[in-house]
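1. Just to be clear, the model below is a prediction. Sequence and coordinates:
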Amino acid sequence: GESVGLHLPTLSVQEGDNSIINCAYSNSASDYFIWYKQESGKGPQFIIDIRSNMDKRQGQRVTVLLNKTVKHLSLQIAATQPGDSAVYFCAEKTDKLIFGTGTRLQVFP
Amino acid sequence: DTGVSQNPRHKITKRGQNVTFRCDPISEHNRLYWYRQTLGQGPEFLTYFQNEAQLEKSRLLSDRFSAERPKGSFSTLEIQRTEQGDSAMYLCASSMGLAGGQDTQYFGPGTRLTVL
């Protein structure tokens, strides 16, 4: 069956360092993936997406990498800031979104 | 604010009572989605609408749950005879309904339901 999961539940990084959040998926037919950021008490916020015909996509301070061979994707955040502290979810997109459990990113000074 | 809005933001109810939540999507969005999120978990899909038509319902949506979008704009989610297991954050999202998969869903702030 389909599943989208994350390797680490919590990631602590120092302000200014780069963060890498990982995600594994099991459905090799998955075509489209999205990363969302969720701050406490708020709904998920779209960060960046990637299609399966791409290996890499860059946004502002964020990069998503997709490795279809091992069914793995990652979100890289450059120069992590306190405002990046949140739970990050990867999601597989069909008509609906299938979310993983999430990784909590904690940024300390 | 032109984003997705949800009301109420918080609801506390006693077991057995009925509750209704409202979602107002982004105005030009044709699709509207409901998700449920429990503590420490990712959101789980419940149902979605294309305009006023309800196109898919998850097996999570038991007979006690009903969702409507009568005029293709706002939507309501009703839970009848609430149970403690219904306690969760109920999230609404909307999208333009673009073909080809890259149809970004934008989420509202959610309604947190607590069933005592």
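-> That came through, no problem. Numbers count the residues shown, from 1 in each chain, chains lettered A, B, ... in the order given.

2. which parts of stretch B:42-59 are buried?
-> Residues B:G42, B:P43, B:E44, B:F45, B:L46, B:T47, B:Y48, B:F49, B:Q50, B:Q54, B:S58 are the ones in stretch B:42-59 that count as buried (16 or more other C-beta atoms under 10 Å in any protein chain shown). The C-beta positions use only the backbone N, C-alpha and C, and glycine is treated the same way.

3. Averaged pLDDT, that stretch. What do you get?
-> For stretch B:42-59, the mean pLDDT works out to 93.

4. So in chain B, where's the weakest helix or strand by average pLDDT?
-> strand B:53-57 (a mean of 92; mean pLDDT, DSSP states H and E).

5. hmm, the helix or strand following it in reach of chain A?
-> For strand B:53-57, the succeeding helix or strand toward the C-terminus, using DSSP states H and E, is strand B:65-68. No: Strand B:65-68 lies apart from chain A when judged by C-beta under 8 Å from any C-beta of the partner chain; the minimum separation is 13.7 Å.

6. Residues in contact with strand B:65-68: which ones?
-> By C-beta atoms under 8 Å, 6 or more residues apart in numbering or on different chains, the surrounding residues in contact with strand B:65-68 are B:W34, B:L46, B:T47, B:F49, B:Q54, B:L61, B:S75, B:T76, B:L77, B:E78, B:I79, B:Q80.
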